[in-house]
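>>> Here is a sequence with its predicted model. Questions after.
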Amino acid sequence: MKTLLGLPVRAAIQRLEAQGASYTLVKTEEPKKSLHGTDERVVRVKKQNGSVQLVTSAFRTEQEE
């Protein structure tokens, strides 16, 4: 499951669905400021009760002008 770390959320979901695995998504962000990121990525993967929990966070992957 560590192979999902850092992947865009859609790519991680596609891999899990291809394996027939159930999953839940949990979004997180820095408490004091929002990055208003352009790319949602997997930052934590945890197996829980027969399911995979993906914790995601937004990242700014494009430079602001």
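Everything's here; your move. In this text, all values refer to a predicted model and were calculated from it rather than measured experimentally.

>>> switch to C-alpha atoms for all contacts and neighbour counts from now on
Will do.

>>> The residue nearest the centre of the chain and Lys27: what is the separation?
The chain has Val42 as the residue nearest its centroid, 2.5 Å off, counting by Cα atoms, centre = their mean. When Cα to Cα, to the nearest Å is applied, the distance between Val42 and Lys27 equals 9 Å.

>>> Check which helices and strands the helix or strand where Leu54 lies sits against.
Secondary structure here is read from DSSP states H and E; on that basis Leu54 sits in strand 51-59. In this structure, strand 51-59 packs against strand 23-28, strand 39-48, with contacts taken as 3 or more Cα pairs under 8 Å, 6 or more residues apart in numbering; DSSP states H and E.

>>> Mind putting these into CSV with distance to Ala58 and mean pLDDT?
Shown next, in CSV, are these (distance: least, Cα to Cα, whole Å; pLDDT from 0 to 100):
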stretch, distance to Ala58, mean pLDDT
strand 23-28, 8, 93
strand 39-48, 4, 91
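
>>> if I read this right, Leu4 contacts Ile13, doesn't it?
No. Here Leu4 lies out of contact with Ile13, judged by Cα atoms under 8 Å, at a distance of 9.0 Å.

>>> picking that back up, the residue nearest to the centre of the chain against Gln53, yeah?
No. With contacts defined as Cα under 8 Å, Val42 does not count as touching Gln53, sitting 10.0 Å away.

>>> List the contacts of Thr28.
Contacts were defined as Cα atoms under 8 Å, 6 or more residues apart in numbering; by that measure Thr28 touches Val55, Thr56, Ser57.

>>> Likewise for Val43?
Contacts of Val43 (Cα under 8 Å, 6+ apart): Leu5, Gly6, Leu54, Val55, Thr56, Ser57.

>>> Show me just the buried residues among those.
Among the contacts of Val43, those that count as buried by neighbour count (16 or more other Cα atoms under 10 Å) are Leu5, Leu54, Val55, Thr56, Ser57.

>>> out of these, which one sits closest to Gln48?
For the buried ones among the contacts of Val43, the minimum distance to Gln48 (Cα to Cα) is 10.3 Å, reached by Leu54.
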